[in-house]
Structures are given as C-alpha cells and as structure tokens.
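K.L.:
build me a structure from this.
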Amino acid sequence: MKKSKIITGTGCLILLLATGFVCYRNITPAARYHLEVMKLGENGYGYKIYEGERTIIVQPFIPVIAGKRAFRAEQDARRVGNLVLERIEAGDEFTISKGDLDNLGVTY
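P.N.:
Just a heads-up that it's a prediction; the model follows:
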C-alpha cells in the first residue's frame, strides 16, 4: 500500500514538472530591442533604438550623409531604423551605407 502511494506520488510529480517545463518553453519573452520614430521640428524625423528601457541609439540625422539632415519622411526613418534593429538583433555590424539607403529607397 505504502509503495503504491510513493509510486503514484512520484508519477504525479514527474507529470507536473514535465507540464511546467513545456508551458515555460512556450512563453514568448518580450522583445529585447525596440524602435521609436521621432518627429524633429516641422520637417524631419529621426529614430531611437532601445534595449529594454535603456536608449542605445539616438539617430536624429540620416547616417552616412554629409551635414545634419533629418529624414524627410517618417517611413524613411522607420525603414532605416528597422534595418539597424534587425542587424543588432542578429548580432551583425549595424552601420548604414549609402547602398543601404538606396536599397531602402530613402531620399537624401
């Protein structure tokens, strides 16, 4: 009698642990990085990239272009910011080239 209770209890414990493990693995963690497009004055946009709550990149100007020119369109800032974000998340070099700007259709 006592032996069957031990076996039943052990079986229930194993089942409970296995269920907990499967449920834990299926929980999707919150995004580690996120992008925020910011409006700059009347005619321009830039972007910020955050790691959690901490700002890691503030880009008020179009990268790789001489001078301090903001993005003309919100979608341009968003496209470039998303490319940088993808590269950061992949662990790649995240600098932007003129070729990247051209491929994304960014007006500069």
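
K.L.:
identify the bridge partners of the residue most central in space within the chain.
P.N.:
The centroid of the chain falls nearest to Y33 when counting by CA atoms, centre = their mean (3.3 Å). Counting by DSSP bridges, Y33 is bridged to E51.

K.L.:
how close does it sit to Y108?
P.N.:
Y33 sits 25 Å away from Y108, taking CB to CB, to the nearest Å as the criterion. C-beta here means a position set from N, CA and C on the backbone, and glycine is covered the same way.

K.L.:
doesn't I88 make contact with the residue nearest to the centre of the chain?
P.N.:
Yes. Counting by CB atoms under 8 Å, Y33 touches I88, with 5.9 Å between them.

K.L.:
need the residues touching each of the two.
P.N.:
Counting by CB atoms under 8 Å, 6 or more residues apart in numbering, the common neighbours of Y33 and I88 are I49.

K.L.:
which residues touch the residue lying closest to L101 once chain neighbours are set aside?
P.N.:
The shortest distance from L101 to any non-neighbouring residue, by CB to CB, 6 or more residues apart in numbering, is to Y108 (6.2 Å). Counting by CB under 8 Å, 6+ apart, Y108 makes contact with I62, I65, R69, L101.

K.L.:
same check, this time on L85
P.N.:
By CB under 8 Å, 6+ apart, L85 lies in contact with Y33, H34, L35, I49.

K.L.:
report the buried members of these.
P.N.:
The neighbour-count test (16 or more other CB atoms under 10 Å) marks L35, I49 as buried among those.

K.L.:
among the contacts of L85, which one sits closest to D92?
P.N.:
Checking those against D92 with CB to CB, the nearest one is Y33 at 13.1 Å.

K.L.:
distance check, the closest one against Y47.
P.N.:
From Y33 across to Y47, the span is 12 Å (CB to CB).

K.L.:
need the residues touching each of those two.
P.N.:
Applying CB under 8 Å, 6+ apart, one finds that no residue jointly contacts Y33 and Y47.
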